[in-house]
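> Need coordinates for the following:
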Amino acid sequence: MLDDPDGAHRLWLVGDRRQGTAFLIPFDDNFGARIHGLQRLHRRLSGRRAGPPLRSLRLSAAQRSRLTLLIRALDGEQEGATRREIAAVLLDDEARHIPAIEWKNAPLRKKINRIVAKALDLMNGGYLALLRGDPARAKRFRRR
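The predicted structure follows:
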């Protein structure tokens, strides 16, 4: 990790650096983002400001809060907590006091089920979309 005021640079150094440096960039769906990152690094190494990361890779405060909720729900799920316990800890302490017959159709139960399902989806590969940036979101921010 190379710290930078505009955003950290993540590098993977292989081999002997005394022999020179080369950059290997896969030609894939993320090529544009990879080139942008390399340009930022080049500016930083040249003594200039690197500039901010792609806007589509930055998370808003609401997105960070949502991801924190999902990670906490996933932790509870993997520790064997019931959905009701997860809901009580993360959403509403009153979930513990809802009678079983009412819990079956409670909106809080449906909400926690959606949250846990999304958390499991992220764990099973959905997190890659965060690393790549959302192409649809990126298009909304392009200058015309």
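> contacts, neighbours, all on C-alpha from now
Noted.
> Tell me which residue lies nearest the centroid of the protein.
When the chain is reduced to its mean C-alpha position, the closest residue under Cα atoms, centre = their mean turns out to be residue 130, at 4.3 Å.
> what's the helix or strand for it?
Using DSSP states H and E, residue 130 sits in helix 127-132.
> How about residues contacting stretch 75-89?
73, 93, 94, 95, 96, 108, 109, 112, 113, 116 (Cα atoms under 8 Å, 6 or more residues apart in numbering).
> Most neighbours among the residues you listed, which one?
residue 73 (26 neighbours; other Cα atoms under 10 Å).
> Now the closest residue to residue 52 other than its chain neighbours, what are its backbone angles?
Spatial nearest neighbour of residue 52, excluding adjacent residues (Cα to Cα, 6 or more residues apart in numbering): residue 6 at 5.0 Å. Dihedral angles of residue 6 (phi, psi; degrees, to the nearest 10) stand at phi -90, psi -10.
> Is residue 50 part of a helix or strand, or is it coil?
coil (DSSP: H, G, I helix; E, B strand; the rest coil).
> That one: neighbour count?
So residue 50, with other Cα under 10 Å, has 22 neighbours.
> domain parsing for this protein?
1-53, 59-140 (automatic domain parsing).
> Quickly compare those and say which is most buried.
The highest mean neighbour count among these, using mean count of other Cα atoms under 10 Å, belongs to domain 59-140: a mean of 15.
> ok, longest helix in this protein?
helix 61-78 (DSSP state H).
> What distance do you get for the residue of the chain most remote from its centre to residue 52?
The C-alpha centroid of the chain is most remote from residue 101, which lies 36.5 Å away (Cα atoms, centre = their mean). As judged by Cα to Cα, to the nearest Å, residue 101 and residue 52 stand 52 Å apart.
> Model confidence score at residue 131, please.
pLDDT recorded at residue 131 is 68.
> Likewise for residue 83?
pLDDT, residue 83: 95.
> And it, how close does it get to residue 75?
12 Å.
> same thing with residue 35?
35 Å.
> repeat for residue 47
Distance from residue 47 to residue 75, by Cα to Cα: 42 Å.
> isn't residue 2 right up against residue 40?
No: using Cα atoms under 8 Å, residue 2 makes no contact with residue 40, being 11.6 Å away.
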